[in-house]
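coordinates for the following, if possible.
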Amino acid sequence: MENGKTESIMALMKGAQSTYIKEVAEGKKVYSRYVKDFLNGHRYCGSWDVRVMNQYRKDMGMIEDLLETRPDLVQKYFCQESMDEEDVEALIRELNTTSAPDTSSADPYKTTRWVSDFIVNQKEYGVCKKKQLMKSLYDSDTGKGAGTSSLQLLRREGLLGIIVEAMNQFRLFKKKVTEAEIKGFFCCSLKSPLVARNNRELAFFFDKLCENGLISKQWQDVVSTHRLLLSSTGKNMKASDLSSAACKARLSDRSIFANIKSKVKEIAEWAKSAGKDRI
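Predicted coordinates:
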């Protein structure tokens with residue numbers, strides 16, 4: 001295999017992905033525990049051959065870098081039922097040739113969410129500080145969100161109305177919502193939270209808004225911190241609940257999710273062609 005894609009790394013990547021689905025996506029295990037347990041559980045290769053040991057150490061170093069510094073790739077590749085060899089090769093290619101996206105703030109968010117919601121500022125933090133930041137992110141369950149007081153909706157004249165129309169089209173909430181309510185939702189100024197009709201469909205819709213650059217990458221923490229949403233059973237939706245619902249939605253083959261994805265992409269394309277931001 002070329003470009004460092006050994007049989008060992010292929011097996012390790014697939015193992016990391018399947019364990020992630022079982023323990024984090026389905027079992028709601030805290031991500032930091034998953035990382036530590038997986039790395040500690042694969043510390044030794046079972047061979048005394050120096051060449052084999054060196055290759056295994058190199059492969060595990062790649063896995064460690066992926067899990068600890070590239071949550072964007074974990075989100076992109078791990079939230080699917082299985083990974084084939086082409087998926088692993090594409091993941092490794094991105095890991096070797098790209099850097100994690102920058103963010104405008106390195107403030108830590110609440111830690112119970114998955115690593116898919118954690119983006120490291122590569123330019124500002126060195127390797128040691130990255131790990132220290134990760135520890136502060138994932139070892140505390142009492143922290144507030146990143147201090148964001150808005151979901152940072154991309155501002156285009158008419159965009160809010162189009163989003164509200166789509167929300168009502170897919171019946172994301174238990175009642176029909178208005179532009180005034182969703183404006184209050186995005187500005188974190190709702191007097192009472194909105195109630196989801198279907199948790200996965202609602203989380204997937206917002207996940208696609210985020211993926212298309214229409215709302216903040218921190219949307220799950222903002223929603224959780226400001227208590228903007230109740231689940232279909234009436235419980236406050238935490239960041240971890242939203243992450244879990246969104247990831248399970250990505251694994252589903254129900255047509256509703258394909259329709260939501262297509263609709264949000266259509267909205268994003270309209271927004272891009274609508275001109276400059278309107279304050």
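
all strands for the stretch 51-200 of the chain, in order.
194-195 (DSSP state E, counting those that start in this stretch).

and the helices in it?
71-78, 85-97, 127-138, 159-169, 179-186, 199-211 (DSSP state H, counting those that start in this stretch).

JSON lines for those, including mean neighbour count?
C-beta: built from backbone N, CA, C; applies to glycine. Formatted as JSON lines, these follow (neighbours: other Cβ atoms under 10 Å):
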{"stretch": "helix 71-78", "mean neighbour count": "21"}
{"stretch": "helix 85-97", "mean neighbour count": "15"}
{"stretch": "helix 127-138", "mean neighbour count": "15"}
{"stretch": "helix 159-169", "mean neighbour count": "17"}
{"stretch": "helix 179-186", "mean neighbour count": "17"}
{"stretch": "helix 199-211", "mean neighbour count": "23"}
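
of the ones you listed, which is nearest residue 263?
Evaluated with Cβ to Cβ, those place helix 159-169 nearest to residue 263, the distance being 5.4 Å.

looking at that closest one now, give me its mean pLDDT.
On average, the pLDDT along helix 159-169 is 95.

what's the angle between it and helix 199-211?
160 degrees (axes from the mean of the first three to the mean of the last three Cα atoms, to 10 degrees).

and helix 159-169, how far from the chain's centre?
Distance, stretch centre to chain centre, for helix 159-169: 23 Å (Cα atoms, centre = their mean, to the nearest Å).

and what of stretch 250-266?
Counting by Cα atoms, centre = their mean, stretch 250-266 comes out at 17 Å from the chain centroid.

let's see that stretch as CSV, backbone CA atoms only.
The C-alpha trace of stretch 250-266 is given here as CSV (Å, rounded to 0.1, in the frame of the first residue of the first chain):
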residue,chain,number,x,y,z
ARG,A,250,-26.6,10.6,9.4
LEU,A,251,-26.6,6.8,9.8
SER,A,252,-30.3,6.6,8.7
ASP,A,253,-31.4,5.8,5.2
ARG,A,254,-34.9,7.4,5.7
SER,A,255,-35.9,9.6,2.8
ILE,A,256,-36.7,12.5,5.1
PHE,A,257,-33.0,13.1,5.8
ALA,A,258,-32.1,13.1,2.1
ASN,A,259,-34.9,15.6,1.5
ILE,A,260,-33.7,17.9,4.4
LYS,A,261,-30.1,17.7,3.1
SER,A,262,-31.2,18.7,-0.4
LYS,A,263,-33.5,21.5,0.9
VAL,A,264,-30.8,23.1,3.1
LYS,A,265,-28.3,22.9,0.3
GLU,A,266,-30.8,24.7,-1.9
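
run through who's touching it.
By Cβ atoms under 8 Å, 6 or more residues apart in numbering, the surrounding residues in contact with stretch 250-266 are 21, 25, 79-81, 166, 169-170, 200-201, 204-205, 207-209, 211-212, 214, 249.

can you list the low-confidence ranges for the stretch 151-279 of the chain?
152, 275-279 (pLDDT under 70).

hmm, 90 instead?
Filtered on pLDDT under 90, the stretch 151-279 of the chain yields the residue ranges 151-157, 187-189, 191, 210-213, 215-222, 224-226, 238-253, 271-279.

coming back round to it: dump the helices of the stretch 51-200 of the chain into JSON lines; add distance to residue 242 as well.
Shown next, in JSON lines, are the helices of the stretch 51-200 of the chain (distance: least, Cβ to Cβ, whole Å):
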{"stretch": "helix 71-78", "distance to residue 242": "13"}
{"stretch": "helix 85-97", "distance to residue 242": "24"}
{"stretch": "helix 127-138", "distance to residue 242": "17"}
{"stretch": "helix 159-169", "distance to residue 242": "16"}
{"stretch": "helix 179-186", "distance to residue 242": "14"}
{"stretch": "helix 199-211", "distance to residue 242": "5"}
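
of those helices, which is nearest residue 273?
helix 159-169 (11.4 Å).

and the nearest residue to residue 153 once chain neighbours are set aside, what does it touch?
Leaving aside its sequence neighbours, residue 153 sits nearest to residue 186 (Cβ to Cβ, 6 or more residues apart in numbering; 4.5 Å). Residue 186 makes contact with 150, 151, 153, 160, 215, according to Cβ under 8 Å, 6+ apart.

contacting residues for the second one?
Contact analysis of residue 151 by Cβ under 8 Å, 6+ apart lists 185, 186, 187, 188, 215, 216, 219, 222, 223.

cheers, nothing more for now.
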